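Student: show me how the following folds:
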Amino acid sequence: MSFKIDGIFVPSVGVDLVFNMNSLNPVSQSSIIYDTDFQKNTITIAQPIVPITKKTSFDQLHITTITQSLQNTVRAGIECISFEFLDQYRLANQTISKALALRYKLPVMETNIRSAFRLPLSRKHTIKAKILYKQTEYYTAKDFGIRDISYTGMGLVIPKNKAAVPNPLTTINKADIIAIGVILVDRGEEKPVGTFPVKAIVVRVNKNYSASHILAGLKITEMGQENEILLNRFIHNAQIDELKRLRTKNN
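Tutor: Next up, the predicted model:
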């Protein structure tokens, strides 16, 4: 499925730069479109939170965004064939910002990113959850915390003790199957962004993460396409908010 670029990649739209999309471990970074020139096949974007430099190594680079197509929410992307660093890019409000001018080639195609970098949670964007493990329910804040999350997994930080009593959740082991109820929270909204069930398998456990906590890495095995899109949008919006916050802080 192809798309018309001038209806999707336009100024002020949030985008994701995806490195090595067709590899086993693609990496994604969020940005915002500053300007477009469809005659020259260029899109100018803000430098991501983790800046791209001349030392950034990759084999493929795509720019993608979420769009609507035939009543479905999809991710559309185009391949970037080169880019230029713009260290003194002047914005519409006359402030100066660092930017990237991306040269792309058509067509715009539907893309599917099964992996991406994990989003560290913030005070504004956070996740509440309930875990069912060995017939016992455990809750965020009281029994564990979610350190980070991606479309394919999450990291749990689990206190070794609760009120001077060993935390039973620390008996979690690699290959354990866990049922999780997830609540996506944007503190700028009155209601949760979304609520849905997830199934996951424990793929790693670090019992020596710190003196007071262990760290468990989970791989999501069941979530559902609609919930994946919801989580995708939540992570993307959180990245854009963080990017805007840093831009405001640095100006």
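Student: drop to CA atoms for contacts and neighbour counts, all remaining ones
Tutor: Fine.
Student: what segments of this protein are helices?
Tutor: Taking DSSP state H as the test, the helices found in the chain are 225-250.
Student: all strands of the stretch 101-250 of the chain, in order?
Tutor: Ranges of strands in the stretch 101-250 of the chain, per DSSP state E, counting those that start in this stretch, are 119-120, 125-133, 136-139, 145-149, 153-159, 161-162, 165-166, 177-186, 194-206, 213-222.
Student: ok, and for the third one, which residues are buried?
Tutor: Within strand 136-139, the residues that qualify as buried by neighbour count (16 or more other Cα atoms under 10 Å) are Tyr138.
Student: from the contact counts, what lies against it?
Tutor: If you count contacts as 3 or more Cα pairs under 8 Å, 6 or more residues apart in numbering; DSSP states H and E, strand 136-139 packs onto strand 125-133.
Student: which parts of the strand it packs on are buried?
Tutor: Buried positions in strand 125-133, judged by neighbour count with 16+ other Cα under 10 Å: 125-131, 133.
Student: stretch 221-232 too?
Tutor: Neighbour-count burial for stretch 221-232 flags 223, 227-232 (criterion: 16+ other Cα under 10 Å).
Student: can I get these in TSV with pLDDT and distance to His213?
Tutor: TSV is the format used below for the buried residues of stretch 221-232 (pLDDT from 0 to 100; distance: Cα to Cα, whole Å):
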residue	pLDDT	distance to His213
Met223	90	27
Asn227	88	30
Glu228	83	29
Ile229	82	31
Leu230	86	30
Leu231	86	26
Asn232	78	28
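Student: so where's this structure uncertain?
Tutor: For the chain, the stretches with pLDDT under 70 are 1-2, 23-25, 69-73, 112-123, 239, 242-251.
Student: partner strands of the strand ranked longest in the chain, with direction?
Tutor: Secondary structure of the chain per DSSP state E: the longest strand is strand 72-90. According to DSSP bridges, strand 72-90 forms sheet pairs with strand 61-69 (antiparallel), strand 96-111 (antiparallel).
Student: show residues contacting it.
Tutor: 3, 60-68, 96-112, 229 (Cα atoms under 8 Å, 6 or more residues apart in numbering).
Student: tell me how far it is from the chain's mean position?
Tutor: Centroid separation for strand 72-90 versus its chain: 17 Å, with Cα atoms, centre = their mean, to the nearest Å.
Student: quick thing: my sequence starts at 70, can you match it?
Tutor: All set: I'll call the first residue 70, so the last point we hit is now strand 141-159.
Student: the spatially closest residue to Ser81 that is not a sequence neighbour: how many residues sit nearby?
Tutor: Once flanking residues are discounted, Ser81 sits nearest to Ile102: 5.2 Å by Cα to Cα, 6 or more residues apart in numbering. The tally of other residues near Ile102 (other Cα atoms under 10 Å) stands at 20.
Student: if anything else comes up later, I'll come back, but that's it for now.
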